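1. Below is the sequence, then the predicted model.
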Amino acid sequence: MNQELIGQVKGMLSQIIDLLYQENITPAYTGLAAVLPQLEQVIAQLEPETQQELAEKLQEALEAMENGDNTLLADILQYEILEQL
């Protein structure tokens with residue numbers, strides 16, 4: 001597994017989480033759009049069970065975005081996705 005890529009993704013997610021908690025929504029969403037392709041690469045390298053779990057968490061994150069709940073989005077990214085990586 002590419003540890004450098006995982007480190008980059010985790011760093012970018014940490015920055016996005018901070019922006020969301022600070023309510024800097026536009027840069028946070030821009031960063032999220034930029035990190036998704038790399039996150040997809042990381043997830044593809046994981047075990048199928050872990051891939052499924054992360055897919056479910058990403059669906060929850062999408063729902064939080066659709067509902068405009070940026071604090072929930074940050075929490076999902078922080079405590080569900082980032083910690084699992």
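-> The structure has been received and is ready for your questions.

2. switch to C-alpha atoms for all contacts and neighbour counts from now on
-> OK.

3. mean confidence for the helix or strand where residue 56 lies?
-> Counting by DSSP states H and E, the element that carries residue 56 is helix 48-66. Averaging pLDDT along helix 48-66 gives 95.

4. ok, residues contacting that helix?
-> Contact with helix 48-66 is made by 43-44, 70, 72-73, 76-77, 80-81, as judged by C-alpha atoms under 8 Å, 6 or more residues apart in numbering.

5. Just the CA atoms of it, as PDB, please.
-> Output of helix 48-66 as PDB, limited to C-alpha atoms (Å, rounded to 0.1, in the frame of the first residue of the first chain):
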ATOM      1  CA  PRO A  48     -13.100  -5.400   0.600                       C
ATOM      2  CA  GLU A  49     -14.700  -5.300   4.000                       C
ATOM      3  CA  THR A  50     -13.000  -2.000   4.800                       C
ATOM      4  CA  GLN A  51     -13.900  -0.600   1.400                       C
ATOM      5  CA  GLN A  52     -17.500  -1.400   2.100                       C
ATOM      6  CA  GLU A  53     -17.300   0.400   5.500                       C
ATOM      7  CA  LEU A  54     -15.700   3.500   4.100                       C
ATOM      8  CA  ALA A  55     -18.300   3.500   1.200                       C
ATOM      9  CA  GLU A  56     -21.100   3.600   3.800                       C
ATOM     10  CA  LYS A  57     -19.300   6.400   5.700                       C
ATOM     11  CA  LEU A  58     -18.900   8.400   2.500                       C
ATOM     12  CA  GLN A  59     -22.600   8.000   1.800                       C
ATOM     13  CA  GLU A  60     -23.300   9.400   5.200                       C
ATOM     14  CA  ALA A  61     -20.900  12.300   4.500                       C
ATOM     15  CA  LEU A  62     -22.800  13.000   1.200                       C
ATOM     16  CA  GLU A  63     -26.100  13.100   3.100                       C
ATOM     17  CA  ALA A  64     -24.600  15.500   5.600                       C
ATOM     18  CA  MET A  65     -23.500  17.700   2.700                       C
ATOM     19  CA  GLU A  66     -26.900  17.500   1.100                       C
END
